[in-house]
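Asks: fold the stuff below for me.
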Amino acid sequence: MWFRAYHRVDNPTLRLICLPHAGGVPTAFRGWPPLLPEGVQVLAVCYPGRQDRLAEACITTMDEMADRICAALLPYADRPLALFGHSMGAAIAHETAARLEARHGVRPVALFLSGRPAPARTNHGELHRQDDHALVREVRALGAADASVYDNPDLRELLLPALRADYRLIETYRPDRPPTVGTPVFGYLGDADPAYRPDDMASWAEVTTAGCTVHVLPGGHFYLHPQERKLVSNIASHLAGITGGRAA
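Replies: Numbering: from 1, shown residues only. Below you'll find the model as predicted:
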């Protein structure tokens, strides 16, 4: 099962699909539902190879990941959809939205893309080819809130395959022609992010015909955890503006 709903919404007016970063899990979005209007249903994506999908093979290519999430979302497209993605999740959200629109005529009402610029502005590394210590060192350097799990040898052995698969997916994602969407993009970035600046996030304007707005919040690459309330409040405001209050 791809999606986790941590709060029941019987008759949603809108669904917000949340895609985690590399090595991330859906519980990162557990605190979002109480911060959003009652009509918004949060569906957090659980990638294969983690939590209760631990026995499933990890996905290592963008095409397969976006194809499968797109297919899994179709039964939920009876209501307006918005997508939020952080870091690797931002790239997956964009590719998924493009597939929904081009293949199924389903255009999300908003794309909230965090901590990663458009493909043309992204540097491509080789961390997925390096040893375990290098991978964990990178996660710690970025300030991931859950980095401490790698201190436990048993958990480290359990979690590293998914982390490595995610890095392989995002580091080998190099589209010749990134797809253009007709959905407005709202970019988010921590003001102390070690890799990117606001003009990097503004590059999402290159792949949307509906405009791009950038918001900068205090913090590093993982600003979204300490700034959760501000971030979700901002997202809620944009949703209300786009849907004419239907998200409220």
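Asks: mind listing what's buried in stretch 54-65?
Replies: Along stretch 54-65, these residues count as buried under the neighbour rule (16 or more other CB atoms under 10 Å): 58-60, 62, 65. In this view, the C-beta of every residue, glycine as well, is placed from N, C-alpha and C.
Asks: closest one of those to Leu127?
Replies: Thr60 (13.5 Å; CB to CB).
Asks: for the closest one, which residues are in contact?
Replies: Contact analysis of Thr60 by CB atoms under 8 Å, 6 or more residues apart in numbering lists 165, 168-169, 172.
Asks: cool, and Leu111?
Replies: If a contact means CB under 8 Å, 6+ apart, then Leu111 has 82-83, 93-94, 97, 181, 183-186, 204, 208 as its contacts.
Asks: ok, back up a step: of the contacts of Thr60, keep whichever come out buried.
Replies: Buried members of the contacts of Thr60, scored by 16+ other CB under 10 Å, are 165, 168-169.
Asks: quick one on the thing from earlier: inside helices: which ones of the buried residues of stretch 54-65?
Replies: Secondary structure from DSSP state H places 62, 65 of these in helices.
Asks: just give me the neighbour total for His7.
Replies: 14 (other CB atoms under 10 Å).
Asks: same check on Thr209?
Replies: If you count neighbours by other CB under 10 Å, Thr209 ends up with 10.
Asks: please begin residue numbering at 54 from this point
Replies: Yes, from this point I'll number from 54; that puts the last item at Thr262.
Asks: settle this for me: it is touching Pro232, isn't it.
Replies: No: in this structure Thr262 lies outside contact range of Pro232 using CB atoms under 8 Å: 11.4 Å.
Asks: so where does Ala293 fall, helix or strand?
Replies: In this structure, Ala293 sits in helix 281-296 according to DSSP states H and E.
Asks: residues making contact with that helix?
Replies: Under the criterion CB under 8 Å, 6+ apart, residues 66-67, 69, 84-85, 88-90, 93, 133, 135, 137, 162-163, 165, 167, 237, 239, 241, 268, 270, 276-277, 300-301 lie in contact with helix 281-296.
Asks: how does it look with 7 Å?
Replies: Contacting residues not belonging to helix 281-296 are listed as 67, 84-85, 88-90, 93, 133, 135, 137, 162-163, 165, 239, 241, 268, 270, 277, 300-301 [CB atoms under 7 Å, 6 or more residues apart in numbering].
Asks: please apply the same query to stretch 255-271.
Replies: Stretch 255-271 has contacts (CB under 7 Å, 6+ apart) with 147, 166, 170-171, 173-174, 231-244, 251, 254, 276, 280, 283-284, 287.
Asks: need the CA coordinates for the longest helix seen in the chain. PDB is fine.
Replies: Secondary structure of the chain per DSSP H: the longest helix is helix 206-224. What follows is helix 206-224, C-alpha atoms only, in PDB (Å, rounded to 0.1, in the frame of the first residue of the first chain):
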ATOM      1  CA  PRO A 206      24.100  -1.100  14.000                       C
ATOM      2  CA  ASP A 207      20.900  -3.300  13.600                       C
ATOM      3  CA  LEU A 208      18.800  -0.400  12.300                       C
ATOM      4  CA  ARG A 209      21.600   0.800  10.100                       C
ATOM      5  CA  GLU A 210      21.900  -2.600   8.400                       C
ATOM      6  CA  LEU A 211      18.100  -2.600   7.900                       C
ATOM      7  CA  LEU A 212      17.700   0.900   6.600                       C
ATOM      8  CA  LEU A 213      20.800   1.500   4.500                       C
ATOM      9  CA  PRO A 214      19.500  -0.500   1.400                       C
ATOM     10  CA  ALA A 215      16.600   1.900   1.000                       C
ATOM     11  CA  LEU A 216      18.800   5.000   1.500                       C
ATOM     12  CA  ARG A 217      21.200   3.800  -1.100                       C
ATOM     13  CA  ALA A 218      18.400   3.000  -3.500                       C
ATOM     14  CA  ASP A 219      17.000   6.400  -3.100                       C
ATOM     15  CA  TYR A 220      20.300   8.100  -3.700                       C
ATOM     16  CA  ARG A 221      20.800   5.900  -6.800                       C
ATOM     17  CA  LEU A 222      17.300   7.000  -8.000                       C
ATOM     18  CA  ILE A 223      17.900  10.700  -7.600                       C
ATOM     19  CA  GLU A 224      21.500  10.800  -8.700                       C
END
